[in-house]
Every structure is written in C-alpha cells, then in structure tokens.
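Asks: 3D, please:
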Amino acid sequence: MSPAHCARWGSRWCPPGLPTERVAKIGEGKPDVVDLLKQRNLSLIINTPSGKRARTDGFSIRRTALELDIPCITNIRSVNAAVHAISVLQGATMAVKPLQDHYKSLPYAAASILLK
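Replies: Next comes the predicted model:
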C-alpha cells in the first residue's frame, strides 16, 4: 500500500494502520504537494484549508489538480463520503451496463412506456 502524503497535522485524520509520509507545505521545502502533483505521484487530493495561507495555497493545489485531472476533495463531509465509497467498492466486481438497461429497471419506466 502506498503511503498517504500529509502536510503537518494531516496524518492525525488518517485511519489507524494507514502508512503516512510527511510532505512540505507550499514554500516550506521541496517536494511540496504541488511538486508531487506535477510529478504525477498523487492520485487524489484531500485539501481542507485553514489558517492565513490557506486561500493562496489552496488555490495553487486545486488549480494544479484541476489542470492535471486529479480529483480534489475540499470538505470533511465529502472526504467521509469518498472514504465510505472506496471502502465499499474495495474488492467489489464492477461491470459496465448501458444507461438504457438501468432505465428499464426503474419502477416508473414501465408506466411511462405504457403511456406513450
């Protein structure tokens, strides 16, 4: 398992047993989170900014993630939802199904076909 890269106190939010590695905040050393994004070493950003520099650092992080098509979560509720979804999907088998097939299985789909 790859470690979670955390700035300063970020590791306190990680589940027990998850390996973590400290990453420098922007301007506090190299490599910082933007460097890791540009090197394509991160596949998901969780950035819940607080403090004086949060606005400028957060903008740099979000902008870089956006330019590189890397998902970025910016609030705790979304983090909780994403963690839950990932844990549910781990080990699950997924398949592709056409949207029309999903529609056919909806309870109101049969009624709308009869009304045509």
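Asks: against His102, how distant is Thr74?
Replies: Computed with C-beta to C-beta, to the nearest Å, the distance linking Thr74 and His102 is 30 Å. Where you see a C-beta, it was placed from the backbone N, CA and C, and this is true even at glycine.
Asks: neighbour count winner among the two?
Replies: Neighbours of Thr74 and His102, each counted by other C-beta atoms under 10 Å, are more numerous for Thr74; the result is 14 against 10.
Asks: pull the number of nearby residues for Leu37.
Replies: 22.
Asks: please, where are all the strands along this structure?
Replies: Counting by DSSP state E, the chain has strands at residues 4-6, 20-22, 45-46, 72-73.
Asks: the first one pairs with which strands, parallel or anti?
Replies: Neighbouring strands of strand 4-6 in its sheet, by DSSP bridges, are strand 20-22 (parallel).
Asks: among the helices and strands of this structure, which has the poorest mean pLDDT?
Replies: helix 107-114 (a mean of 58; mean pLDDT, DSSP states H and E).
Asks: contact partners for the nearest residue to Leu44 once chain neighbours are set aside?
Replies: Excluding the flanking residues, the one nearest Leu44 by C-beta to C-beta, 6 or more residues apart in numbering is Pro71, at 5.3 Å. Counting by C-beta atoms under 8 Å, 6 or more residues apart in numbering, Pro71 touches Ser43, Leu44, Ile45, Ala65.
Asks: right, I'll leave it there.
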